[in-house]
Structures are given as C-alpha cells and as structure tokens.
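> Quick one, structure for this:
(2 chains)
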Amino acid sequence: MNLILLLVVVVAAGAVLSVQAAINGRLGQTVGVLRSSLVTFGIGALVTALLIFFFEPAHAVSLLDVPKWQLTGALFGVVYMIVMVGAVPVVGTAVATVAVITGQLAMGMLIDNFGWLGNPAIELSGSRIVAMVCLALALVFMYRSNTRSE
Amino acid sequence: MQASSVEGVAQARPKRNILKLLLLPLVILAGMGLSMEAGLLGPLGEQVGHLWATLSIFGVGSALLFLLLFFSGARKGPALSELPRWQLIGGFLGPIYVVVLTLATPHIGIAMTMIAILSGQVGKSVLIDHFGWFGTARKRVNSERWIALALIVVALVLIARG
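Down below sits the predicted model:
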C-alpha cells in the first residue's frame, strides 16, 4: 500500500480512537471500567466476526495453527487497563499518560530495531529519532495549553 | 485494544507519596505492553488475515473481561440495558483501530505507527476545537496548540520519508 495513504489511515485511526476513548470514558464512569470494556470488546468481537463472515478471503493458516504466544496480544491490553485503573488516581493523569507513551515508544523502538516477535527489523535512524522528539515536544505544548486554559 | 490517550493530559492533581514512585515503573511497563500487543498483531495479521487477528484480540479480551467480572463480585451502578444506546457504540470504533494497527505495523514499524496514532489524537482535538466539529462549541485555539499540530506534521513527514 502507498505509504502516504497508509499514514493518513493510521492518523485517522488515532482520531477514531480518541472518539472511542471519550465515549468509553463516559460509560466507564457510570458502570465501571470492567463493564464498559466488556461492552467494547464484546461488540468489537461481534462486529469483527460479521465482517469476517462476509468479507474475509480464505487463508491457508488459521488462528488455531499459529504458535500460541502469537495469540497473547489481548492479555497485554487487559493488563494495561487494570494497571491504569489502579495507577491513575495515585499518579495523576498527566504523569500516567507520559509514562505510558514513554513505555510505548521505547518498546516500539526495541521491537522495530531488533525485529522481535516476527516483525521486520527496521533500524533506528536519525529521522525516526527526530520524529519522536517532535511528538514529545508536541505533547509538551498540548500540556501547557491545557493547563493554561483551566 | 486499549491505547494511551492524550485527551486527559492536564486534568491531573497528583498525590505525593511513595506509592507513586512504585507505580510509575508499572505504568511504563503497561505502556510497553501496548507496543507488545501491536508487535504481536502485525505478523499475526499477515499470516491469518487482518480481521482474524483483530478477532483474536476482541475474542480473547471479551473472554478475559467476562471472567474477571464474573469472579469479582457484584457491581454497583446502572445495568447496561438502562444506559443511552449511543454510549455503547464505542465497540464499533475499536475494531477500526485494531485493523489499522495490523495493516500498518509491518510497513512503518511499531514506534512510527504509535506516533501516527498519537498524532491523530492530538490533531483531532485541535481541529475539533478550532472548527467546532460534531456540534462542539467553537473555541479559539491558542498558539501552543498550533505549534503542537505543526510539530506533529513534521513528525509525520519524517515518518513518510522513511
């Protein structure tokens, strides 16, 4: 796929994600994080299953054939959620957000650089580092703008 | 499927205690877990198909959450059936995000995918405020937010150039 088009799609997915986070945040406040997440995951599974029935072409390999460790992705998501529920009231949203993004990017760089988990190895280049610095600065400016408007 | 959100970057009023220092490495580890999840998804999607990989996340996640809820006892708060319907549509948006993750990570890598996702979150909040999209009140976007947006565009250009 064309790289620029792909990038536009990923950025749009980020925007969609924050809409989803806003809706789920509201839901979580009234019914609790576990229940609101179960709704999200349950409906997500149903929608994905419907899409598979009607649109997914056949594949030679099925989910049952791959090594079991490849199926553990959801565990990390659920653990993340539980950690955040416990930690955010103590450390505060801002610190938690920075810590999560730091962990996310550090691990992302490690996996990319060494090609862990069967990913293609992408060496850490100057432009990738600068991209990360730009994001970090952008978050600093967002933070300052948010604190000032309060 | 969860991901960090930059929305709440500033509504913080942290308590100062030792627990905070102990929790911080745990939160960083949780963030690393998000990249692990994305790192597992990409290769899985290439093998079994992007939608099947997405189903593995939502299927396993639903099962785990159901068990957690089931064994964690009674909950207070209203039943889900009493809530306004629109609050339940988050479930339709989640799969979009996961499918895009499986599509993108093999091509641009996990770190850059995460940057692009975060850019989308920052960009969305700046543009919604500026143009008053989705029925929100139109607010003047201050210069700091425009600088943030500009920095993000630079980051995305750098990723696109490889």
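
> show me where pLDDT drops low in chain B?
Applying pLDDT under 70 to chain B flags residues B:1-16, B:74, B:132-139, B:162.

> 50 instead, please
Within chain B, the segments meeting pLDDT under 50 span B:8-14.

> quick one: the helices in it?
For chain B, the helices defined by DSSP state H occupy B:18-48, B:50-71, B:90-108, B:110-131, B:143-161.

> Any chance of the ones you listed in CSV with distance to residue B:82 and mean neighbour count as columns?
Where you see a C-beta, it was placed from the backbone N, CA and C, and this is true even at glycine. Below are the helices of chain B laid out as CSV (distance: least, Cβ to Cβ, whole Å; neighbours: other Cβ atoms under 10 Å in any protein chain shown):
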stretch, distance to residue B:82, mean neighbour count
helix B:18-48, 32, 21
helix B:50-71, 17, 20
helix B:90-108, 17, 23
helix B:110-131, 29, 24
helix B:143-161, 38, 19
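
> Kindly present the ones you listed as JSON lines, with separate columns for distance to chain A.
Converted to JSON lines, those look like this (distance: least, Cβ to the nearest Cβ, whole Å):
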{"stretch": "helix B:18-48", "distance to chain A": "3"}
{"stretch": "helix B:50-71", "distance to chain A": "4"}
{"stretch": "helix B:90-108", "distance to chain A": "2"}
{"stretch": "helix B:110-131", "distance to chain A": "2"}
{"stretch": "helix B:143-161", "distance to chain A": "4"}
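
> Can you say which of the ones you listed is nearest to residue A:32?
Checking the helices of chain B against residue A:32 by Cβ to Cβ gives helix B:50-71 as the closest, at 8.8 Å.

> How far off centre is the closest one?
17 Å (Cα atoms, centre = their mean, to the nearest Å).

> just stretch A:75-89 next, same as before
Per Cα atoms, centre = their mean, the centroid offset for stretch A:75-89 relative to its chain is 13 Å.

> can you check stretch A:129-136 too?
18 Å.

> Which parts of chain A are helices?
A:3-31, A:33-55, A:73-91, A:93-114, A:126-148.

> tell me the most buried of these?
Of the helices of chain A, the one with the most neighbours on average (mean count of other Cβ atoms under 10 Å in any protein chain shown) is helix A:93-114, at a mean of 22.

> With just CA atoms, put that helix into PDB.
Provided in PDB are the C-alpha atoms of helix A:93-114 (Å, rounded to 0.1, in the frame of the first residue of the first chain):
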ATOM      1  CA  THR A  93      -3.500  11.500  34.500                       C
ATOM      2  CA  ALA A  94      -0.600  13.600  33.200                       C
ATOM      3  CA  VAL A  95       2.100  11.500  34.700                       C
ATOM      4  CA  ALA A  96       0.400   8.300  33.700                       C
ATOM      5  CA  THR A  97       0.000   9.500  30.100                       C
ATOM      6  CA  VAL A  98       3.600  10.400  29.800                       C
ATOM      7  CA  ALA A  99       4.700   7.200  31.400                       C
ATOM      8  CA  VAL A 100       2.500   5.100  29.000                       C
ATOM      9  CA  ILE A 101       3.700   6.900  25.900                       C
ATOM     10  CA  THR A 102       7.300   6.600  27.100                       C
ATOM     11  CA  GLY A 103       6.900   2.800  27.500                       C
ATOM     12  CA  GLN A 104       5.000   2.500  24.300                       C
ATOM     13  CA  LEU A 105       7.600   4.300  22.200                       C
ATOM     14  CA  ALA A 106      10.600   2.700  23.900                       C
ATOM     15  CA  MET A 107       9.200  -0.800  23.400                       C
ATOM     16  CA  GLY A 108       8.100   0.000  19.900                       C
ATOM     17  CA  MET A 109      11.700   1.100  19.000                       C
ATOM     18  CA  LEU A 110      13.100  -2.000  20.600                       C
ATOM     19  CA  ILE A 111      10.800  -4.400  18.700                       C
ATOM     20  CA  ASP A 112      11.400  -2.400  15.400                       C
ATOM     21  CA  ASN A 113      15.200  -2.300  15.800                       C
ATOM     22  CA  PHE A 114      15.700  -5.900  16.600                       C
END
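
> list the helices and strands that helix packs on?
Contact analysis of helix A:93-114 by 3 or more Cβ pairs under 8 Å, 6 or more residues apart in numbering or on different chains; DSSP states H and E lists helix A:73-91, helix A:126-148, helix B:18-48, helix B:110-131 as its packing neighbours.

> hang on, isn't residue A:124 packed against residue A:113?
Yes - between residue A:124 and residue A:113 there is a contact at 5.1 Å, judged by Cβ atoms under 8 Å.

> Need the contact partners of stretch A:58-67.
Stretch A:58-67 is contacted from outside by A:71, B:44, B:47-49, B:52-53, B:55-56, using Cβ atoms under 8 Å, 6 or more residues apart in numbering or on different chains.
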